[in-house]
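A.B. asks: I'll drop the sequence and a predicted model, then ask my questions.
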Amino acid sequence: MKKNISKIIFQTNPEYSTLIMRLALGCMILPHALQKTFGLFGGGGFSKTLEYMNQAEGIPLFFAFLAIMAEFLGGLGLIFGCLTRVAAFGVGSVMTVAMLMHRSNGFFMNWSGTKTGEGIEFFILAIGLSLALILNGGGALSIDRKLSR
């Protein structure tokens, strides 16, 4: 049984298209995570982000913590191709919840600056990349590929 689980998690193809998807999603989510964890790029840092997510957004602290960790560890995992399927699942889950929380903003981004918030089309793209990576694994130049051999 152990061999089957590790085979499912680590097995991947050698394709560079998967590498490109993995890097795109990882490089997109990691700066957001660094805002939340370390206060980089104008973010509030870990404590302030937890407080905001809990009080302003109504997210229980445990789930806010999981979301921050999914972004941070998921971003790193995607960039290095380590536990790619798990990382993509975490990032995809966070993006799905974010999309559901912001669906009232409509589909399109705020091109003209006349409405509050942004649309959900960005989340759909991130979820699509996450699903593709869950199906394909880490691809070329991934730690997963080395571990699966």
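C.D. replies: On my side now, so go ahead. These numbers come from a predicted model, not from an experiment.
A.B. asks: Please name the residues that touch the residue most central in space within the chain.
C.D. replies: When the chain is reduced to its mean C-alpha position, the nearest residue by CA atoms, centre = their mean turns out to be residue 91, at 2.4 Å. Taking CB atoms under 8 Å, 6 or more residues apart in numbering, we find residue 91 in contact with 25, 29, 70, 71, 74, 75, 78, 126, 130. C-betas here are computed from N, CA, C, even on glycine.
A.B. asks: Buried among these? Need that as a selection in ChimeraX.
C.D. replies: In ChimeraX syntax, the buried subset of the contacts of residue 91 is picked out as below (16 or more other CB atoms under 10 Å):
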select :25,29,70,71,74,75,78,126,130
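A.B. asks: out of all of them, which helix in the protein is the longest?
C.D. replies: Ranked by residue count, the top helix of the chain under DSSP state H comes out as helix 16-38.
A.B. asks: Hmm, residue 23 is touching residue 79, no?
C.D. replies: Yes: the pair residue 23 / residue 79 is scored as a contact, 6.4 Å apart, by CB atoms under 8 Å.
A.B. asks: re earlier: can you tell me which of the contacts of residue 91 comes closest to residue 8?
C.D. replies: residue 130 (16.7 Å; CB to CB).
A.B. asks: model confidence over the strand or helix carrying that closest one, on average?
C.D. replies: According to DSSP states H and E, residue 130 maps onto helix 121-136. The average pLDDT within helix 121-136 is 96.
A.B. asks: For that helix, name the packing helices and strands.
C.D. replies: helix 16-38, helix 84-101 (3 or more CB pairs under 8 Å, 6 or more residues apart in numbering; DSSP states H and E).
A.B. asks: With respect to residue 59, which of the ones you listed lies nearest?
C.D. replies: That would be helix 84-101 among these, by CB to CB, at 8.5 Å.
A.B. asks: what is the orientation angle of the closest one with helix 121-136?
C.D. replies: Counting by axes from the mean of the first three to the mean of the last three CA atoms, to 10 degrees, helix 84-101 lies at 150 degrees to helix 121-136.
A.B. asks: residues of helix 84-101 that come out buried?
C.D. replies: Buried residues in helix 84-101, counted by 16+ other CB under 10 Å: 84-95, 98-99.
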